[in-house]
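Undergrad: Pasting the sequence and the predicted coordinates here, then a few questions.
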4 protein chains.
Amino acid sequence: MNLVAEKASPFKLCGREQKREGTIITIGNTSIGGRQLALMAGPCAVESEDQLFAIATYLKNKGVSILRGGAYKPRTSPYSFQGLEKEGLRLLNRIRRELGLLVITEVLDQFTIDEVAKSCDILQVGSRNMQNYSLLRELGRLDKPVLLKRGMSATVEEWLMAAEYIMSGGNSQVMLCERGIRTFETYTRNTLDLSAVPLIKELSHLPVIVDPSHATGRYSLVPAMCKAAVIAGADGLIVEVHPSPSEALSDGAQSLLPEKFSTLLTELKEVAAFTGKSI
Amino acid sequence: MNLVAEKASPFKLCGREQKREGTIITIGNTSIGGRQLALMAGPCAVESEDQLFAIATYLKNKGVSILRGGAYKPRTSPYSFQGLEKEGLRLLNRIRRELGLLVITEVLDQFTIDEVAKSCDILQVGSRNMQNYSLLRELGRLDKPVLLKRGMSATVEEWLMAAEYIMSGGNSQVMLCERGIRTFETYTRNTLDLSAVPLIKELSHLPVIVDPSHATGRYSLVPAMCKAAVIAGADGLIVEVHPSPSEALSDGAQSLLPEKFSTLLTELKEVAAFTGKSI
Amino acid sequence: MNLVAEKASPFKLCGREQKREGTIITIGNTSIGGRQLALMAGPCAVESEDQLFAIATYLKNKGVSILRGGAYKPRTSPYSFQGLEKEGLRLLNRIRRELGLLVITEVLDQFTIDEVAKSCDILQVGSRNMQNYSLLRELGRLDKPVLLKRGMSATVEEWLMAAEYIMSGGNSQVMLCERGIRTFETYTRNTLDLSAVPLIKELSHLPVIVDPSHATGRYSLVPAMCKAAVIAGADGLIVEVHPSPSEALSDGAQSLLPEKFSTLLTELKEVAAFTGKSI
Amino acid sequence: MNLVAEKASPFKLCGREQKREGTIITIGNTSIGGRQLALMAGPCAVESEDQLFAIATYLKNKGVSILRGGAYKPRTSPYSFQGLEKEGLRLLNRIRRELGLLVITEVLDQFTIDEVAKSCDILQVGSRNMQNYSLLRELGRLDKPVLLKRGMSATVEEWLMAAEYIMSGGNSQVMLCERGIRTFETYTRNTLDLSAVPLIKELSHLPVIVDPSHATGRYSLVPAMCKAAVIAGADGLIVEVHPSPSEALSDGAQSLLPEKFSTLLTELKEVAAFTGKSI
């Protein structure tokens, strides 16, 4: 077993030893890391104006405050749909203005940081980029929250060190997102490492978000893992919701139908209340 | 992703398709798989009469009904403490008679099945033996419940197939125990695959127990993972409790002190109640 | 990185510190661990008298001295072919008497050790049983060589400790077999850890055999991995050969056709000669 | 097992089906992918003018034609040595002019592609950037060879798809580098997946280089793995050599001393000749 936790912490900025109370990131009326459970929901990718406004309106009516949706999609194959790119960003920005939702979307490289930052409230660093240190350093110069997804085979130590890269640049608004690690199991897309939630809480003062959609890759497992994440101490969830998963341009198998999301939301409010939090 | 679940199930006996309602295993007043949350607690190994009776009395007074404790210990090194063996079984049998607790203990091979079976209420098959098919077949001839731990790198499919080995011998009293899988992460001893709980519930009618002590290897993570397991749908928990973890002959780092276990128990009663179960 | 190698070795019997020169296991005219490259070849399972004698005669004519073939097969599913069992052992014994070949076959449990030992020259412990310590201890009482396959997720340290279990019982004729470890890669059945060969040679004096058939699960990769294993210092190879892979009752995809094996054999003789060994 | 190889290849540009003969990349008098075994050697990082010229002169005198050395180092911690950066590039460029060696060095991001490209003959994409698709696309616009290291937990399919990203941009001079994958084993830094060499040769026409230094993390295992890689079909090797490994600013434990490298070189020439290649 790694005994880093027992030695002097190597985490100079994100370490719990540096700051006993948990970091709370505030964006408008929403705060992440405190008594509010942050709920980020939406489609994997922004696919069209109709799709995005329909799902965004639905989620807003349900009380969700943060919309997720990718304009730039990192895809294994160069021949797969890569996202609507600039057009996707424009649509996300309209969602912010017209519906008043907060938006989280992924940034893929340094060139597009500025335009992505202008079109969203939280920038997401994907798993494949967790150790793209040039990107992390640039994000350290922003004054905007960053959600840092764990790399597919990143240890907790490497993950926290990636947060150090952002923070050492001056941006302390970092939240960590556990999204499953790569293992030998093939029933699930990845293996959700839920014990990382209390472990991070020991080692660091940063908020922790859990992504059960990418972790499991199976919509039927998402509700149970959402509830378990909240009980385990997660500060928020990021969940894929799609009006027609079988037609989704990416990740349909792990997306919840709106009605299933609605049921989940009701349950999550109860679980959050049980833990002394609210949605 | 493995699509076995969508095809005709290869699980002829343990498959959910074969039996829609969940299996309930009843031992005396205790039942596993129904509305009761099964709590198995105790030391990793039976170390002495004093140690065992002290912790067993403590747990009984707290309302725990199933004592765990190893008489035969599978150790990586032949030079490590291997358990009290027959003397350990005698002590466990006295616990059953004198304190009225149910006992679960590990069986390591076919030769000792009978004597182990006489000294306990549930036989545990450890991770290292999950694919010891000769042992599994012999256990199939018993009329006693078996807890089958997941192998360190066993897929869910292999694990359920191991249950088929026991069941096809005639013993349908099988419960599955998720105890963490082996990954690259070194902060934790193993990686608890909590998504296996709802997945098994989809695929099989067998009860699922979670062992957060072996999964995490760190006592500080055990309470959060216990609570998360219950919310995720586990039918029970198996937890290591030791009066003096630093002096334990095995697995001290993952054992809870009695007072920490007591606090956990209070919380677990609330979580169980929240899910409509009782302890 | 694990620094066990730099500390006092925990390997009291198999450790290189205990015995500088490599162990040589001699069976009749064949020796394993010295200047001879041990070649074990044959079908995954003994399927019938005709199949076995045909392939055995072929291999004998090619100069192979050790026939592999399973009479007891550990299968993931209880509903798959489990081997010919006693009948398979009888056939293997006839091969020894009638063709004069040495035979290696798997032993699955303590009950059958004696009858398996009577029918073969080397007992094989499969991956699933690498930490079946009761079996290992019984094998420690035999006066017959044992080939110990690495567990699917066993570390090198655990593997050598398993060898200690056999040796501490009094049997020092142990050889280790690398057969691939379980990883996330799905193109190959397992991932052959060839660096384990020189590592074991540093840490231990025991002979090391490599099984490229099970490691890769693809016959087309077997020749390259056989040759690489020899260059890396392996003392022997165990290779699946089947006259009709597509009709094999198990593991057809990884079996070589006799003519491909013949070509490989020619190449292996050259590689062995290059390293100063002979077949 | 993944059957992609048996279906129509998803690899539109790098697939073997698209081009039966192997790709040969020619740089001056050196060619990679043909009858010459490419040998890239040098320190992990460029540390100083003295260090670099000393080792480069040594390697040139030994007949090595490609020097490796990092100017930009991707380090887990932002507080570790990050490389000499521009000064490192200047030194590498002097090596090219003054010693006539070819140089391979890592490129970390799009911003520095041009300056890195001006200072080297082969651009290296590190493991952490294997799925940094923005970087890959930019490299597709260059007219310079790219060495693409496999990601720590990248499947062979994802790795080849990453090559497609570069090639679909117009740059067909791509070579693949196996450098070990992340597994549970802790004796070695990573697990060298040598079976990936013949597998890639089946699936693709691109040259394959092997990096035993990063794969094993232990200098004592490097020679055996170098030789095994050549026998397995690798088109080249990349090896860390440092005059004083214990004082190296990074990766000392896996670097060979010059005299050990010299011995290895002699052996490699024999192994190369055995396979019909020359160094």
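TA: All right, it came through fine. Numbers count the residues shown, from 1 in each chain, chains lettered A, B, ... in the order given.

Undergrad: Would you mind listing what in chain A touches chain D?
TA: A:10, A:12, A:74-79, A:108-111, A:128-129, A:131-135, A:137, A:152-153, A:157-158, A:161, A:164-165, A:168, A:182 (C-beta under 8 Å from any C-beta of the partner chain). Glycine gets a C-beta too; all of them are placed from N, C-alpha and C.

Undergrad: repeat that for 6 Å
TA: By C-beta under 6 Å from any C-beta of the partner chain, the part of chain A that sits against chain D consists of A:74, A:76-78, A:108-109, A:128, A:131-134, A:152-153, A:158, A:161, A:164-165, A:168, A:182.

Undergrad: The stretch 101-250 of chain A: helices as residue ranges?
TA: Using DSSP state H, counting those that start in this stretch, the helices assigned to the stretch 101-250 of chain A run over residues A:113-118, A:133-139, A:156-167, A:196-203, A:212-216, A:222-232.

Undergrad: Quick one: residues contacting residue A:44.
TA: Residue A:44 makes contacts with A:240, A:250-251, as judged by C-beta atoms under 6 Å, 6 or more residues apart in numbering or on different chains.

Undergrad: redo that, cut-off 8 Å
TA: Listed by C-beta atoms under 8 Å, 6 or more residues apart in numbering or on different chains, the contact set of residue A:44 reads A:69-70, A:73, A:240, A:242, A:248-251, A:255.

Undergrad: And for residue A:23?
TA: Contacts of residue A:23 (C-beta under 8 Å, 6+ apart): A:33, A:172, A:205-207.

Undergrad: give me that answer again for 6 Å
TA: A:33, A:205-206.

Undergrad: likewise residue A:181?
TA: With contact set as C-beta under 6 Å, 6+ apart, residue A:181 has these partners: A:190-191, A:193.

Undergrad: wouldn't residue A:13 be in contact with residue A:167 here?
TA: Yes. Using C-beta atoms under 6 Å, residue A:13 is in contact with residue A:167, at 4.1 Å.

Undergrad: between those two, who's got more neighbours?
TA: Neighbour totals were compared for residue A:13 and residue A:167, and residue A:167 leads with 23 against 19 (other C-beta atoms under 10 Å in any protein chain shown).

Undergrad: Give me the pLDDT for that one.
TA: With respect to pLDDT, residue A:167 has a value of 98.

Undergrad: Kindly report the same for the one 3 residues further on.
TA: According to the prediction, residue A:170 has pLDDT 97.

Undergrad: Ok, the one 5 residues further on next?
TA: The pLDDT attached to residue A:175 in the predicted structure is 98.

Undergrad: Need the helices of the stretch 101-250 of chain A in a markdown table (columns: distance to chain C).
TA: Shown next, in a markdown table, are these (distance: least, C-beta to the nearest C-beta, whole Å):
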| stretch | distance to chain C |
| --- | --- |
| helix A:113-118 | 30 |
| helix A:133-139 | 23 |
| helix A:156-167 | 14 |
| helix A:196-203 | 18 |
| helix A:212-216 | 15 |
| helix A:222-232 | 20 |
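
Undergrad: So which residues on the stretch 101-250 of chain A come close to chain B?
TA: Residues of the stretch 101-250 of chain A lying near chain B by C-beta under 6 Å from any C-beta: A:153, A:155-156, A:183-188, A:191-195, A:198-199, A:216-217, A:221, A:224-225, A:227-228, A:231-233.

Undergrad: so where's chain A shaky on pLDDT?
TA: A:1-7 (pLDDT under 70).

Undergrad: Repeat the analysis, applying 80 as the threshold.
TA: Within chain A, the segments meeting pLDDT under 80 span A:1-8.
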